[in-house]
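A.B. asks: below is the structure, and that's it, no one-letter string:
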Ligand SMILES: Nc1ncnc2c1ncn2[C@@H]1O[C@H](COP(=O)(O)OP(=O)(O)OP(=O)(O)O)[C@@H](O)[C@H]1O
């Protein structure tokens, strides 16, 4: 099947700055794909080109079968973009704003069901300006979804959330099965919790891509085994643990086996690209 997003050899410069340099990516239908990278890496530039909001210099880009640089209104109705709530909506209620946005689309989702789904049922008659930051972000997601998009762009969705609100938000996103999602985030645990695949971009180039659980070989051997009286880095942690169990004749006090986290791997990849 054709990918929902296909990028080949994408380039974009701002004057002499090469913000995106021959990037290749493909995102399949129903996938949650996270684009990771430090500030200024080229994530927003790439995403804005995919959204049709920015012109590219070179390369081939198709989103839902069309070139976003030329696509029209029908195409735009098939994508959803989660923007930051503007203050224009502060005086209207949650229900009013979602119902209003629904009128822009040919086959919108049912506003009341959607409000329930994003966890704002109890706030539906509240003014948007009176909601907490996390609740507002839920309104943003509802507005991104109200047109029942095939592809959803989620840009740093949980910045400023408390840990519990982030977890709740992740559940909401995981519950959107079937919707293809392109997520950008600076939170590596978020990428790990949500994404089927991630790509790391640094200085405009993709430096790694794959399953977040195995990215950069992190599921491979390297592990640190630590216990009450010592620690070792090893490629064969099971053998080390077996040896320790023999030595202690059973329970090893304070035993821990730690593999590199996605954040460790990410920082290594970013460091290596400098
Ligand atoms: N309109 C613009 N004019 C000139 N330079 C720009 C413009 N937009 C972005 N840049 C530059 O292009 C590079 C990539 O920026 P981009 O916004 O794509 O990065 P990003 O990965 O989204 O960063 P962040 O994580 O900070 O949002 C940066 O060096 C940025 O300063």
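C.D. replies: Looks like it arrived, so ask away. Bear in mind that the values here come from a model prediction, so they are computed numbers and not experimental data.
A.B. asks: how about the residue lying closest to residue 226 once chain neighbours are set aside, what does it touch?
C.D. replies: Once flanking residues are discounted, residue 226 sits nearest to residue 256: 5.0 Å by Cβ to Cβ, 6 or more residues apart in numbering. Yep, even glycine has a C-beta here, placed from its N, CA and C like the rest. Residue 256 is in contact with 224, 225, 226, 227, counting by Cβ atoms under 8 Å, 6 or more residues apart in numbering.
A.B. asks: give me every residue that touches the third one.
C.D. replies: When contacts are counted by Cβ under 8 Å, 6+ apart, residue 226 is found next to 232, 254, 255, 256, 258.
A.B. asks: which of these lies closest to residue 123?
C.D. replies: Using Cβ to Cβ, residue 258 is the member of the contacts of residue 226 that sits closest to residue 123, with 41.0 Å.
A.B. asks: quick check: the closest one vs the ligand, distance?
C.D. replies: From residue 258 across to the ligand, the span is 28 Å (Cβ to the nearest ligand atom, to the nearest Å).
A.B. asks: and if you look at residue 5?
C.D. replies: 17 Å.
A.B. asks: give me the pLDDT for that residue.
C.D. replies: With respect to pLDDT, residue 5 scores 97.
A.B. asks: what does residue 85 give?
C.D. replies: 61.
A.B. asks: so that it lines up with my notes, have the first residue be 43 from now on.
C.D. replies: Got it, first residue is 43 now, which makes that one residue 127.
A.B. asks: who's in contact with the host helix or strand of residue 176?
C.D. replies: Using DSSP states H and E, residue 176 maps to helix 175-187. Residues outside helix 175-187 that contact it (Cβ under 8 Å, 6+ apart) are 122-127, 131, 136, 139-140, 143, 151, 156-157, 159-162, 165, 170, 173, 194-196, 199-200, 202-204, 207, 210-211, 214, 218, 221.
A.B. asks: any buried residues in stretch 59-69, and which?
C.D. replies: Buried positions in stretch 59-69, judged by neighbour count with 16 or more other Cβ atoms under 10 Å: 60, 61, 62, 63, 65, 67, 68, 69.
A.B. asks: residue 243: which of these is nearest?
C.D. replies: residue 65 (7.2 Å).
A.B. asks: that closest one reaches residue 47, doesn't it?
C.D. replies: No - using Cβ atoms under 8 Å, residue 65 makes no contact with residue 47, being 11.5 Å away.
A.B. asks: straight-line length of stretch 130-145, end to end?
C.D. replies: The separation between the terminal residues of stretch 130-145, taken as Cα to Cα, to the nearest Å, is 17 Å.
A.B. asks: what average pLDDT does that stretch get?
C.D. replies: 92.
A.B. asks: contacts for it next, please.
C.D. replies: 150-151, 153-154, 156-157, 162, 165-171, 173, 181, 184-185, 188-189.
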